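Trainee: Predicted model and sequence follow; I will ask about them next.
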Amino acid sequence: MGGLFKKYGFAAIVAGALAAMALVVAGKSVFGGVGALIGGQGGPSAPGAGMATGVNVAAATPHLFTDGVQAIGTAQARESIIITPKVADTIRVIRFDSGDRVRAGQVLVEMSSVEQIASVAEARAANEAAQEELRRFQELYDRGFASQARIDAVRAAADAARARLNAGDSRAADRTLRAPFAGVVGLRTASPGQYVTPGTQIGTLDDIAEIKLDFDVTETQIARLAPGVAIIARTAAFPDRTFQGTIDHVDTRVNPATRTVRVRAVLPNADEALRAGMLMTVDVRSNPREALSVPEIAILEQAGASYVYRVNSSENGHVAERVAVTTGQRAGGAAEILSGLTAGDLVVIEGVQSMRPGAPVHINNAAAADGGAPSPAAGELRPRG
(Lines give C-alpha, C1' and ligand atoms only; values in the text may rest on other atoms or scores of the structure.)
Protein backbone atom coordinates (compact mmCIF):
# COMPACT_ATOMS: atom_id res chain seq x y z
CA MET A 1 0.00 0.00 0.00
CA GLY A 2 2.75 2.35 0.92
CA GLY A 3 4.38 1.45 -2.32
CA LEU A 4 1.27 2.31 -4.23
CA PHE A 5 0.99 5.68 -2.50
CA LYS A 6 4.56 6.32 -3.24
CA LYS A 7 3.90 5.33 -6.79
CA TYR A 8 0.57 7.05 -7.37
CA GLY A 9 0.27 9.59 -4.47
CA PHE A 10 1.44 12.68 -6.26
CA ALA A 11 -0.83 12.04 -9.27
CA ALA A 12 -3.84 11.54 -6.94
CA ILE A 13 -3.25 14.87 -5.26
CA VAL A 14 -3.08 16.67 -8.61
CA ALA A 15 -6.30 14.98 -9.82
CA GLY A 16 -8.13 15.95 -6.61
CA ALA A 17 -7.12 19.57 -6.95
CA LEU A 18 -8.36 19.68 -10.54
CA ALA A 19 -11.69 18.16 -9.51
CA ALA A 20 -12.16 20.82 -6.78
CA MET A 21 -11.50 23.63 -9.22
CA ALA A 22 -14.09 22.22 -11.62
CA LEU A 23 -16.71 22.17 -8.88
CA VAL A 24 -16.02 25.86 -8.05
CA VAL A 25 -16.42 26.94 -11.69
CA ALA A 26 -19.62 24.94 -12.02
CA GLY A 27 -21.02 26.53 -8.85
CA LYS A 28 -20.34 30.02 -10.15
CA SER A 29 -22.13 29.23 -13.40
CA VAL A 30 -25.18 27.94 -11.58
CA PHE A 31 -25.43 30.85 -9.20
CA GLY A 32 -24.74 33.32 -12.03
CA GLY A 33 -27.72 31.89 -13.89
CA VAL A 34 -29.90 32.32 -10.82
CA GLY A 35 -28.66 35.91 -10.46
CA ALA A 36 -29.49 36.59 -14.08
CA LEU A 37 -33.01 35.30 -13.51
CA ILE A 38 -33.35 37.53 -10.47
CA GLY A 39 -31.89 40.50 -12.38
CA GLY A 40 -34.56 40.06 -15.05
CA GLN A 41 -37.11 40.79 -12.33
CA GLY A 42 -35.63 44.16 -11.40
CA GLY A 43 -32.25 43.20 -9.95
CA PRO A 44 -29.00 45.11 -10.43
CA SER A 45 -28.83 44.39 -14.15
CA ALA A 46 -32.40 45.51 -14.80
CA PRO A 47 -32.96 48.76 -16.74
CA GLY A 48 -33.21 51.73 -14.43
CA ALA A 49 -30.93 50.18 -11.79
CA GLY A 50 -27.36 48.99 -12.12
CA MET A 51 -27.10 49.65 -15.86
CA ALA A 52 -28.99 52.98 -15.77
CA THR A 53 -27.22 56.33 -16.20
CA GLY A 54 -27.64 58.76 -13.32
CA VAL A 55 -29.04 62.12 -14.47
CA ASN A 56 -30.48 65.31 -13.05
CA VAL A 57 -33.77 66.52 -14.45
CA ALA A 58 -35.96 69.62 -14.39
CA ALA A 59 -39.64 70.08 -15.09
CA ALA A 60 -41.02 72.17 -17.94
CA THR A 61 -42.74 75.09 -16.22
CA PRO A 62 -44.36 78.41 -17.22
CA HIS A 63 -42.01 81.40 -17.31
CA LEU A 64 -42.45 85.08 -18.19
CA PHE A 65 -40.74 85.98 -21.47
CA THR A 66 -40.48 89.26 -23.38
CA ASP A 67 -39.23 90.28 -26.81
CA GLY A 68 -36.13 92.00 -25.51
CA VAL A 69 -34.46 95.00 -27.15
CA GLN A 70 -31.07 96.00 -25.79
CA ALA A 71 -29.58 99.47 -26.13
CA ILE A 72 -27.32 102.01 -24.42
CA GLY A 73 -28.66 105.39 -23.35
CA THR A 74 -27.77 108.54 -21.48
CA ALA A 75 -29.67 109.75 -18.42
CA GLN A 76 -31.01 113.29 -18.38
CA ALA A 77 -32.73 115.34 -15.70
CA ARG A 78 -36.47 115.84 -16.08
CA GLU A 79 -35.78 119.59 -16.16
CA SER A 80 -32.34 121.18 -16.37
CA ILE A 81 -30.99 124.70 -16.85
CA ILE A 82 -27.74 126.63 -16.62
CA ILE A 83 -28.05 129.58 -14.25
CA THR A 84 -26.82 132.56 -16.27
CA PRO A 85 -27.64 136.30 -16.25
CA LYS A 86 -29.89 137.91 -18.84
CA VAL A 87 -27.89 141.16 -18.85
CA ALA A 88 -24.27 142.13 -18.37
CA ASP A 89 -23.74 143.36 -14.81
CA THR A 90 -22.00 142.73 -11.52
CA ILE A 91 -23.28 140.06 -9.14
CA ARG A 92 -24.52 141.69 -5.94
CA VAL A 93 -25.42 138.55 -3.98
CA ILE A 94 -25.74 134.80 -4.61
CA ARG A 95 -28.48 133.23 -2.51
CA PHE A 96 -27.59 129.55 -2.95
CA ASP A 97 -24.68 127.22 -2.33
CA SER A 98 -23.54 124.09 -4.13
CA GLY A 99 -25.92 121.18 -3.63
CA ASP A 100 -28.79 123.25 -2.19
CA ARG A 101 -32.35 122.14 -2.83
CA VAL A 102 -34.46 125.10 -3.97
CA ARG A 103 -38.16 125.64 -4.57
CA ALA A 104 -39.80 127.08 -7.66
CA GLY A 105 -39.65 130.90 -7.67
CA GLN A 106 -36.88 131.12 -5.09
CA VAL A 107 -34.37 133.97 -5.64
CA LEU A 108 -30.99 132.56 -6.67
CA VAL A 109 -28.93 135.58 -7.77
CA GLU A 110 -29.33 139.34 -7.46
CA MET A 111 -27.38 141.61 -9.78
CA SER A 112 -26.24 145.14 -9.00
CA SER A 113 -29.33 147.17 -10.05
CA VAL A 114 -29.03 150.60 -8.39
CA GLU A 115 -29.43 152.41 -11.71
CA GLN A 116 -32.41 150.30 -12.70
CA ILE A 117 -34.10 150.90 -9.36
CA ALA A 118 -33.71 154.65 -9.80
CA SER A 119 -35.01 154.42 -13.35
CA VAL A 120 -38.05 152.48 -12.21
CA ALA A 121 -38.76 155.03 -9.48
CA GLU A 122 -38.62 157.82 -12.05
CA ALA A 123 -40.90 155.93 -14.44
CA ARG A 124 -43.35 155.21 -11.64
CA ALA A 125 -43.57 158.90 -10.67
CA ALA A 126 -44.09 159.94 -14.30
CA ASN A 127 -46.80 157.33 -14.70
CA GLU A 128 -48.66 158.49 -11.61
CA ALA A 129 -48.60 162.10 -12.89
CA ALA A 130 -49.83 161.04 -16.32
CA GLN A 131 -52.67 158.97 -14.86
CA GLU A 132 -53.73 161.90 -12.64
CA GLU A 133 -53.75 164.26 -15.62
CA LEU A 134 -55.85 161.78 -17.56
CA ARG A 135 -58.35 161.64 -14.68
CA ARG A 136 -58.72 165.43 -14.62
CA PHE A 137 -59.14 165.78 -18.37
CA GLN A 138 -61.65 162.94 -18.36
CA GLU A 139 -63.79 164.91 -15.90
CA LEU A 140 -63.53 168.07 -18.06
CA TYR A 141 -64.42 166.07 -21.15
CA ASP A 142 -67.44 164.56 -19.42
CA ARG A 143 -68.63 168.09 -18.49
CA GLY A 144 -68.02 169.37 -22.01
CA PHE A 145 -65.02 171.59 -21.21
CA ALA A 146 -62.38 169.53 -23.09
CA SER A 147 -62.25 168.49 -26.72
CA GLN A 148 -62.01 164.96 -28.01
CA ALA A 149 -58.58 165.64 -29.47
CA ARG A 150 -57.28 166.86 -26.13
CA ILE A 151 -58.56 163.87 -24.16
CA ASP A 152 -57.09 161.51 -26.77
CA ALA A 153 -53.66 163.14 -26.46
CA VAL A 154 -53.73 162.95 -22.66
CA ARG A 155 -54.82 159.31 -22.76
CA ALA A 156 -51.96 158.46 -25.16
CA ALA A 157 -49.46 160.17 -22.85
CA ALA A 158 -50.80 158.18 -19.88
CA ASP A 159 -50.52 154.89 -21.80
CA ALA A 160 -46.94 155.71 -22.77
CA ALA A 161 -46.04 156.45 -19.15
CA ARG A 162 -47.50 153.12 -18.06
CA ALA A 163 -45.54 151.31 -20.76
CA ARG A 164 -42.27 152.97 -19.66
CA LEU A 165 -42.93 151.84 -16.10
CA ASN A 166 -43.57 148.26 -17.20
CA ALA A 167 -40.38 148.24 -19.24
CA GLY A 168 -38.41 149.51 -16.27
CA ASP A 169 -39.91 146.85 -14.01
CA SER A 170 -38.99 144.21 -16.57
CA ARG A 171 -35.38 145.40 -16.81
CA ALA A 172 -35.11 145.42 -13.03
CA ALA A 173 -36.61 141.92 -12.83
CA ASP A 174 -33.99 140.66 -15.31
CA ARG A 175 -31.38 141.42 -12.67
CA THR A 176 -32.97 139.02 -10.20
CA LEU A 177 -32.60 135.34 -11.15
CA ARG A 178 -35.25 132.99 -9.76
CA ALA A 179 -35.59 129.20 -9.91
CA PRO A 180 -38.10 128.31 -12.64
CA PHE A 181 -38.74 124.91 -11.02
CA ALA A 182 -37.87 123.01 -7.86
CA GLY A 183 -34.64 121.07 -7.96
CA VAL A 184 -31.05 120.69 -6.81
CA VAL A 185 -28.38 123.28 -7.54
CA GLY A 186 -25.05 122.00 -8.84
CA LEU A 187 -21.62 123.46 -8.23
CA ARG A 188 -21.51 127.25 -7.88
CA THR A 189 -19.10 128.68 -10.44
CA ALA A 190 -19.24 132.44 -9.73
CA SER A 191 -18.83 134.80 -6.78
CA PRO A 192 -20.42 138.03 -5.55
CA GLY A 193 -18.79 141.09 -7.13
CA GLN A 194 -17.94 139.22 -10.32
CA TYR A 195 -18.86 140.91 -13.59
CA VAL A 196 -20.82 138.49 -15.75
CA THR A 197 -22.44 138.60 -19.15
CA PRO A 198 -25.28 136.57 -20.70
CA GLY A 199 -24.05 132.99 -21.12
CA THR A 200 -21.68 133.10 -18.14
CA GLN A 201 -22.42 130.04 -15.99
CA ILE A 202 -23.14 130.82 -12.36
CA GLY A 203 -24.42 127.32 -11.56
CA THR A 204 -26.82 124.61 -12.71
CA LEU A 205 -30.28 123.56 -11.60
CA ASP A 206 -31.61 120.02 -12.17
CA ASP A 207 -34.88 118.34 -11.30
CA ILE A 208 -33.86 114.67 -10.95
CA ALA A 209 -36.89 113.35 -9.10
CA GLU A 210 -37.53 111.68 -12.45
CA ILE A 211 -34.95 110.77 -15.08
CA LYS A 212 -35.36 110.92 -18.84
CA LEU A 213 -33.37 108.15 -20.55
CA ASP A 214 -32.74 108.60 -24.29
CA PHE A 215 -31.46 105.69 -26.39
CA ASP A 216 -31.36 104.68 -30.06
CA VAL A 217 -32.69 101.46 -31.60
CA THR A 218 -32.62 100.22 -35.18
CA GLU A 219 -35.61 100.98 -37.36
CA THR A 220 -36.37 97.24 -37.66
CA GLN A 221 -37.32 97.20 -33.96
CA ILE A 222 -39.78 100.09 -34.05
CA ALA A 223 -42.75 97.71 -34.02
CA ARG A 224 -41.72 96.50 -30.55
CA LEU A 225 -41.66 100.00 -29.09
CA ALA A 226 -44.59 102.08 -27.91
CA PRO A 227 -45.39 104.43 -25.03
CA GLY A 228 -46.02 102.46 -21.85
CA VAL A 229 -43.74 99.51 -22.68
CA ALA A 230 -41.69 98.54 -19.63
CA ILE A 231 -37.90 98.85 -19.53
CA ILE A 232 -35.17 97.86 -17.09
CA ALA A 233 -32.03 99.98 -16.93
CA ARG A 234 -28.68 99.41 -15.26
CA THR A 235 -25.61 101.51 -14.63
CA ALA A 236 -22.05 100.65 -13.67
CA ALA A 237 -22.33 103.09 -10.78
CA PHE A 238 -24.80 100.73 -9.06
CA PRO A 239 -24.03 97.23 -10.39
CA ASP A 240 -26.36 95.52 -7.91
CA ARG A 241 -29.42 97.66 -8.72
CA THR A 242 -31.94 97.74 -11.53
CA PHE A 243 -34.07 100.76 -12.39
CA GLN A 244 -37.52 100.17 -13.83
CA GLY A 245 -39.41 102.59 -16.01
CA THR A 246 -41.54 102.91 -19.13
CA ILE A 247 -41.15 104.27 -22.64
CA ASP A 248 -42.56 107.78 -22.79
CA HIS A 249 -42.13 108.63 -26.46
CA VAL A 250 -40.72 107.26 -29.72
CA ASP A 251 -39.37 109.90 -32.10
CA THR A 252 -41.34 110.51 -35.28
CA ARG A 253 -38.24 110.46 -37.47
CA VAL A 254 -35.64 107.84 -38.36
CA ASN A 255 -32.06 109.03 -38.68
CA PRO A 256 -31.26 108.37 -42.38
CA ALA A 257 -27.52 108.13 -41.68
CA THR A 258 -27.68 105.50 -38.92
CA ARG A 259 -31.13 104.00 -39.65
CA THR A 260 -31.99 104.35 -35.97
CA VAL A 261 -34.79 106.05 -34.08
CA ARG A 262 -34.49 107.91 -30.78
CA VAL A 263 -36.57 106.56 -27.87
CA ARG A 264 -37.19 108.35 -24.58
CA ALA A 265 -38.02 106.45 -21.40
CA VAL A 266 -38.84 107.78 -17.94
CA LEU A 267 -37.37 106.34 -14.74
CA PRO A 268 -38.60 107.23 -11.24
CA ASN A 269 -35.67 108.45 -9.13
CA ALA A 270 -37.14 109.13 -5.72
CA ASP A 271 -33.82 108.61 -3.90
CA GLU A 272 -32.00 110.67 -6.56
CA ALA A 273 -29.37 107.96 -7.01
CA LEU A 274 -29.27 108.53 -10.75
CA ARG A 275 -27.55 111.64 -12.06
CA ALA A 276 -27.85 113.46 -15.34
CA GLY A 277 -25.26 112.28 -17.85
CA MET A 278 -24.96 108.69 -16.56
CA LEU A 279 -24.42 105.96 -19.17
CA MET A 280 -27.03 103.21 -18.78
CA THR A 281 -27.79 99.91 -20.46
CA VAL A 282 -31.42 99.43 -21.41
CA ASP A 283 -33.46 96.24 -21.70
CA VAL A 284 -36.87 96.86 -23.28
CA ARG A 285 -39.48 94.34 -22.09
CA SER A 286 -41.97 94.35 -24.96
CA ASN A 287 -44.67 91.74 -25.63
CA PRO A 288 -44.66 90.16 -22.14
CA ARG A 289 -46.11 86.65 -22.13
CA GLU A 290 -46.13 83.50 -20.03
CA ALA A 291 -44.81 80.49 -21.93
CA LEU A 292 -43.49 77.01 -21.24
CA SER A 293 -39.77 76.87 -20.49
CA VAL A 294 -36.94 74.53 -19.63
CA PRO A 295 -33.36 75.31 -18.53
CA GLU A 296 -31.16 76.29 -21.46
CA ILE A 297 -28.66 73.55 -20.61
CA ALA A 298 -31.30 70.94 -21.52
CA ILE A 299 -31.33 72.06 -25.18
CA LEU A 300 -29.23 70.19 -27.74
CA GLU A 301 -28.58 71.87 -31.10
CA GLN A 302 -27.94 69.49 -33.98
CA ALA A 303 -28.10 70.21 -37.71
CA GLY A 304 -30.11 73.37 -37.18
CA ALA A 305 -32.73 71.63 -35.01
CA SER A 306 -33.27 71.66 -31.25
CA TYR A 307 -33.81 68.60 -29.07
CA VAL A 308 -34.25 67.65 -25.43
CA TYR A 309 -34.17 64.31 -23.68
CA ARG A 310 -37.48 63.74 -21.92
CA VAL A 311 -37.60 61.15 -19.15
CA ASN A 312 -40.53 58.72 -19.52
CA SER A 313 -41.62 55.78 -17.41
CA SER A 314 -41.52 52.18 -18.61
CA GLU A 315 -42.26 48.77 -17.11
CA ASN A 316 -38.70 48.45 -15.89
CA GLY A 317 -37.96 52.04 -14.82
CA HIS A 318 -37.19 55.32 -16.52
CA VAL A 319 -35.96 55.77 -20.07
CA ALA A 320 -34.77 58.80 -22.04
CA GLU A 321 -36.61 59.86 -25.19
CA ARG A 322 -35.16 62.38 -27.62
CA VAL A 323 -37.83 64.95 -28.48
CA ALA A 324 -37.62 67.68 -31.10
CA VAL A 325 -38.66 71.09 -29.73
CA THR A 326 -39.22 74.54 -31.15
CA THR A 327 -37.59 77.26 -29.05
CA GLY A 328 -38.27 80.97 -28.77
CA GLN A 329 -36.71 83.62 -26.57
CA ARG A 330 -33.99 82.81 -24.05
CA ALA A 331 -33.55 84.79 -20.87
CA GLY A 332 -32.08 84.22 -17.44
CA GLY A 333 -30.93 80.69 -18.27
CA ALA A 334 -34.41 79.60 -19.42
CA ALA A 335 -35.43 78.73 -22.98
CA GLU A 336 -38.94 79.32 -24.27
CA ILE A 337 -40.56 76.14 -25.63
CA LEU A 338 -43.05 76.80 -28.41
CA SER A 339 -43.78 73.14 -29.21
CA GLY A 340 -42.68 69.61 -28.35
CA LEU A 341 -43.31 69.54 -24.58
CA THR A 342 -46.16 70.00 -22.14
CA ALA A 343 -46.14 71.42 -18.63
CA GLY A 344 -44.67 68.97 -16.12
CA ASP A 345 -42.51 67.02 -18.55
CA LEU A 346 -39.12 66.16 -17.06
CA VAL A 347 -36.06 66.81 -19.20
CA VAL A 348 -32.45 65.85 -18.61
CA ILE A 349 -30.29 68.81 -17.59
CA GLU A 350 -27.15 67.03 -16.38
CA GLY A 351 -25.69 64.13 -18.35
CA VAL A 352 -27.51 65.14 -21.52
CA GLN A 353 -24.40 64.85 -23.69
CA SER A 354 -24.07 61.12 -22.94
CA MET A 355 -27.74 60.32 -23.51
CA ARG A 356 -29.01 57.97 -26.22
CA PRO A 357 -32.66 57.49 -27.24
CA GLY A 358 -34.23 54.71 -25.18
CA ALA A 359 -31.37 54.59 -22.68
CA PRO A 360 -32.36 53.64 -19.10
CA VAL A 361 -31.79 56.42 -16.60
CA HIS A 362 -31.82 56.87 -12.87
CA ILE A 363 -33.03 60.25 -11.56
CA ASN A 364 -30.61 61.62 -8.98
CA ASN A 365 -32.65 64.70 -7.99
CA ALA A 366 -36.09 63.15 -7.81
CA ALA A 367 -37.18 65.38 -4.89
CA ALA A 368 -36.13 68.59 -6.66
CA ALA A 369 -37.83 67.56 -9.89
CA ASP A 370 -41.01 66.62 -8.02
CA GLY A 371 -41.21 70.07 -6.43
CA GLY A 372 -40.38 72.02 -9.57
CA ALA A 373 -43.74 71.81 -11.31
CA PRO A 374 -47.27 70.43 -11.00
CA SER A 375 -46.20 67.10 -12.55
CA PRO A 376 -46.08 63.44 -11.48
CA ALA A 377 -43.30 62.47 -9.12
CA ALA A 378 -40.05 61.42 -10.71
CA GLY A 379 -40.75 57.81 -9.83
CA GLU A 380 -44.34 57.97 -11.12
CA LEU A 381 -43.89 59.38 -14.61
CA ARG A 382 -46.77 58.74 -16.94
CA PRO A 383 -45.92 56.53 -19.95
CA ARG A 384 -45.47 58.35 -23.25
CA GLY A 385 -46.46 56.72 -26.52
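Mentor: Right, received. Where do you want to start?
Trainee: so Ala190, which of the three states?
Mentor: coil (DSSP: H, G, I helix; E, B strand; the rest coil).
Trainee: So it versus Ile94, what's the distance?
Mentor: 7 Å (Cβ to Cβ, to the nearest Å). All C-beta atoms are positioned from the backbone trio N, CA, C, and that covers glycine.
Trainee: Are there residues contacting both of those two? Which ones?
Mentor: Ile202 (Cβ atoms under 8 Å, 6 or more residues apart in numbering).
Trainee: mind giving me the domain ranges of this protein?
Mentor: For the chain, the structural domains run 1-39, 53-63+291-380, 69-77+207-290, 85-107+180-201, 113-174, going by automatic domain parsing.
Trainee: averaging pLDDT over each of those, which comes out lowest?
Mentor: Sorting those by mean pLDDT places domain 1-39 lowest, at a mean of 46.
Trainee: which outside residues touch stretch 330-345?
Mentor: 59-63, 65-66, 68, 291-299, 308, 310, 323-329, 347, 373-376.
Trainee: buried subset of those?
Mentor: 59-61, 63, 65-66, 292-295, 298-299, 308, 310, 323, 325, 327-329, 347, 373, 375 (16 or more other Cβ atoms under 10 Å).
Trainee: among the residues you listed, which are in strands?
Mentor: 59, 61, 63, 65-66, 292-295, 308, 310, 323, 325, 327-329, 347 (DSSP state E).
Trainee: Does Thr61 touch Ala291 like I think?
Mentor: No: with contacts counted by Cβ atoms under 8 Å, Thr61 stays clear of Ala291, the gap being 10.2 Å.
Trainee: ok, and the closest non-adjacent residue to Gly358?
Mentor: In space, and not counting its chain neighbours, Gly358 is closest to Val319: 5.7 Å by Cβ to Cβ, 6 or more residues apart in numbering.
Trainee: Just give the number of residues close to Val69.
Mentor: 19 (other Cβ atoms under 10 Å).
Trainee: Give the bridge partners for it, please.
Mentor: Val69 has these beta-bridge partners by DSSP bridges: Val284.
Trainee: I'd assumed Leu225 was in contact with it.
Mentor: Yes: with contact defined as Cβ under 8 Å, Val69 and Leu225 form a contacting pair (7.1 Å).
Trainee: what touches both of the two?
Mentor: With Cβ under 8 Å, 6+ apart, Val69 and Leu225 have common neighbours Val217, Val284, Ser286.
Trainee: Just the endpoints, please. Distance across stretch 262-276?
Mentor: 18 Å (Cα to Cα, to the nearest Å).
Trainee: what does stretch 83-95 give?
Mentor: End to end - Cα to Cα - stretch 83-95 spans 12 Å.
Trainee: The closest residue in space to Arg224 that isn't next to it in sequence: which element?
Mentor: In space, and not counting its chain neighbours, Arg224 is closest to Ser286: 4.2 Å by Cβ to Cβ, 6+ apart. Assessed by DSSP states H and E, Ser286 sits inside strand 279-295.
Trainee: Quick check: buried residues in that strand?
Mentor: Under the neighbour-count criterion of 16+ other Cβ under 10 Å, strand 279-295 has Met280, Val282, Asp283, Val284, Arg285, Ser286, Leu292, Ser293, Val294, Pro295 buried.
Trainee: In contact with the residue lying closest to the third one once chain neighbours are set aside, which residues?
Mentor: Same thing as Asp283. Closest residue in space to Asp283, ignoring its immediate chain neighbours: Ile232 at 4.7 Å, by Cβ to Cβ, 6+ apart. Going by Cβ under 8 Å, 6+ apart, Ile232 touches Thr242, Phe243, Gln244, Val282, Asp283, Arg285.
Trainee: Max pairwise distance over those: which two?
Mentor: Greatest spatial distance among these (Cβ to Cβ): Phe243 and Arg285, at 12.9 Å.
Trainee: my read: Asn269 touches Ile211, true?
Mentor: Yes: with contact defined as Cβ under 8 Å, Asn269 counts as touching Ile211 (4.8 Å).
Trainee: quick one, which of the two is more surrounded?
Mentor: The neighbour comparison of Asn269 against Ile211 (other Cβ under 10 Å) goes to Ile211, with 25 against 19.
Trainee: I'd say that one and Asp271 touch.
Mentor: No: here Ile211 does not reach Asp271: they are 11.5 Å apart, not a contact under Cβ under 8 Å.
Trainee: Give the next helix or strand downstream of the helix or strand hosting Glu132.
Mentor: Secondary structure assignment for Glu132, by DSSP H and E: helix 114-143. Counting by DSSP H and E, the next helix or strand C-terminal to helix 114-143 is helix 148-173.
Trainee: Tell me the helix or strand right after that following helix.
Mentor: strand 176-178.
Trainee: helices or strands up against that next one?
Mentor: strand 107-111 (3 or more Cβ pairs under 8 Å, 6 or more residues apart in numbering; DSSP states H and E).
Trainee: What angle do strand 279-295 and the helix or strand harbouring the residue nearest to Asp283 make with each other?
Mentor: For Ile232, the enclosing helix or strand under DSSP H and E is strand 230-234. Here strand 230-234 points in a direction 110 degrees away from that of strand 279-295 (axes from the mean of the first three to the mean of the last three Cα atoms, to 10 degrees).
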